[in-house]
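Enquirer: I would like to see how this sequence folds:
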Amino acid sequence: MTWQDYVLAAGSWIFLIALIPAIRGKEKPPVSTSIVTGTVLAVYALVYATLGLWISVVSTSFMSLAWFTLAVQKMMKR
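Expert: Sure thing, here's the model as predicted:
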């Protein structure tokens, strides 16, 4: 493990914690924003995997799933 893995993972966990109010609240971001963000984060997780940054892969994957969760919540709210 490299120090970069820990730094990237810590940032992802902080962003994930920051998303909890949006996931639990009534107001949701636009579906397009959520899908694009979730997709980009999924690609980042794949890139981290090719670099062997496994802690970052896990944390970024969870963050990607959180954004996809927001998209689904917004779609079901319509």
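
Enquirer: so how far does stretch 14-34 reach from one end to the other?
Expert: Stretch 14-34 has an end-to-end distance of 18 Å (Cα to Cα, to the nearest Å).

Enquirer: average pLDDT for that stretch, rounded please.
Expert: For stretch 14-34, the per-residue pLDDT values average out at 96.

Enquirer: list the buried ones in stretch 17-25?
Expert: The neighbour-count check on stretch 17-25 (16 or more other Cβ atoms under 10 Å) flags 19, 22 as buried. Glycine gets a C-beta too; all of them are placed from N, C-alpha and C.

Enquirer: and the helices in the chain, which stretches?
Expert: Under the criterion DSSP state H, helices of the chain are mapped to 3-24, 31-50, 54-77.

Enquirer: now do the buried residues in the longest one.
Expert: What it means is helix 54-77. Within helix 54-77, the residues scored as buried using 16+ other Cβ under 10 Å are 55-64, 66-71, 73-74.

Enquirer: ditto for the second one
Expert: Along helix 31-50, these residues count as buried under the neighbour rule (16+ other Cβ under 10 Å): 31, 34-35, 37-38, 41-42, 44-45, 48.

Enquirer: from the chain's centroid, how far away is it?
Expert: Relative to its chain's centre, helix 31-50 lies at 7 Å (Cα atoms, centre = their mean, to the nearest Å).

Enquirer: returning to what we had before: from the buried residues of helix 31-50, which is closest to Ile17?
Expert: Lowest distance from Ile17 to the buried residues of helix 31-50 (Cβ to Cβ) belongs to Leu41, with 15.1 Å.

Enquirer: identify the residues contacting the residue nearest to Thr39 when sequence neighbours are not counted.
Expert: With Cβ to Cβ, 6 or more residues apart in numbering as the criterion, Thr39 has its nearest non-adjacent residue at 7.7 Å, and that residue is Ser64. The neighbours of Ser64, taking Cβ atoms under 8 Å, 6 or more residues apart in numbering as the test, are 38-39, 41-42, 44-45.
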